[in-house]
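J.: Model the structure of this input:
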Amino acid sequence: RSSHLPALLYKGQAFLHIHSAEQTIGGQAAENWCLLRLLPVIIGDKVDPHDPAWQLVITLKSLVELVCAPTITTAQVAYLNVVVVEYLETRKAVFASDRLKPKHHYLVHYATLMLKLGPLIRLWTMRFESKHSYFKRCIRRTQNFKNVCQSLANQHQLLQTTLSASSFFAPVLTSKNSTPCHAHLYSDAVRNAVEVLMFTEPESVSTEVVFKGTLYKKGSFLCLKRESDESIKFGQIEIVLVKDDKEVCFLVTPHTSLYLSEYGLYDVKQAAEDMHCIHAEHCLDFYPLPLYSLNGHPVISLKHSVVD
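T.: Numbers count the residues shown, from 1 in each chain. Model prediction:
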């Protein structure tokens, strides 16, 4: 549950040192996942992008994006196998004194397991870890260590009773700051974008909605389509259109991008296109992404690999 990150070198000097006997970074899996995604944004302008240790981190970032993808193709599985071999060989060359651990050997089997079982992210134990964290919080708060099993069982049953008293599942769609939609108040560009999608006049517009458990809000970016191996077309959410409390569309401003292989990020810029409307179910990927800045350039870091 702790990730190994090497010391990063900048002009021959160590930029980041992990002061521990095992040379590891503590924290939970989700925290380390977030750190790996944002590390190029945080210190990308302070390291030599050609340093072997930094290239190893970027290779690991690509590997994690593939492993954590909710949908994956056979071509991406084949590429994952190549990335795993590259990562292990590079790690062994850069840190020859550090022995590979059993968890590194498990990486070799990931591609085969994906072909047999599908995306591994759907089989991970994080949900069990989340459930276990509830029991840990209970015992820490009560500080009652007599008959722990009975105490936790009672606490858990009270929780389940509370949850069962209302709707067990959250609503498919909840909106915030929504207002009735009056199409005639919007510009021609907005009306034309909605008409192209043949989306009948929405009942309301909003700047923030939770749709199928995912928060979408104005300013976030969505993957619209892959234009090439090095480019993804993104759309910045301007307005969220809602109809019948179950149908959601996004009015987006198109942005082109260029993949920065030395940082594992996408450099984005606004495209010379008008706004257009896209249905939530028709995006290349469902996950909304924030915009960051690297050396004054707007960049996006993917949470996971996306399928064409």
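J.: Just list the residues touching the closest residue to Cys249 other than its chain neighbours, thanks.
T.: Excluding the flanking residues, the one nearest Cys249 by Cβ to Cβ, 6 or more residues apart in numbering is Leu241, at 4.4 Å. Every residue, glycine included, has its C-beta placed from N, CA and C. Leu241 sits next to 181, 194, 199, 202, 204-205, 248-251, 277 when contact means Cβ atoms under 8 Å, 6 or more residues apart in numbering.
J.: what about 10 Å?
T.: Residues near Leu241 by Cβ atoms under 10 Å, 6 or more residues apart in numbering: 181, 190, 193-194, 197, 199, 201-206, 209, 247-251, 277, 279-280.
J.: What of Val83?
T.: Taking Cβ under 10 Å, 6+ apart as the test, what Val83 contacts is 59-60, 62-67, 76, 107, 110-111.
J.: Apply 8 Å and report the result again.
T.: 59, 62-63, 66.
J.: can those go into a markdown table with extra columns for secondary structure?
T.: Below are those laid out as a markdown table (DSSP: H, G, I helix; E, B strand; the rest coil):
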| residue | secondary structure |
| --- | --- |
| Thr59 | helix |
| Ser62 | helix |
| Leu63 | helix |
| Leu66 | helix |
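J.: Scan those residues and report the most crowded one.
T.: With neighbours taken as other Cβ atoms under 10 Å, the top of the contacts of Val83 is Leu66, carrying 22 neighbours.
J.: Chain neighbours aside, what residue packs nearest to that one?
T.: Closest to Leu66 by Cβ to Cβ, 6+ apart is Leu80, at 4.5 Å.
J.: Phi, psi for the one you found please.
T.: phi -60, psi -40 (degrees, to the nearest 10).
J.: Isn't it up against Val67?
T.: Yes - if you go by Cβ atoms under 8 Å, Leu80 and Val67 touch, sitting 7.2 Å apart.
J.: Quickly list what's touching both of these two.
T.: With Cβ under 8 Å, 6+ apart, Leu80 and Val67 have common neighbours Tyr110.
J.: Write down the beta-bridge partners of the residue lying closest to Ala280 once chain neighbours are set aside, one by one.
T.: With sequence-adjacent residues excluded and distances taken as Cβ to Cβ, 6+ apart, Ala280 is closest to Val248, at 4.3 Å. Beta bridges link Val248 to Val242, judged by DSSP bridges.
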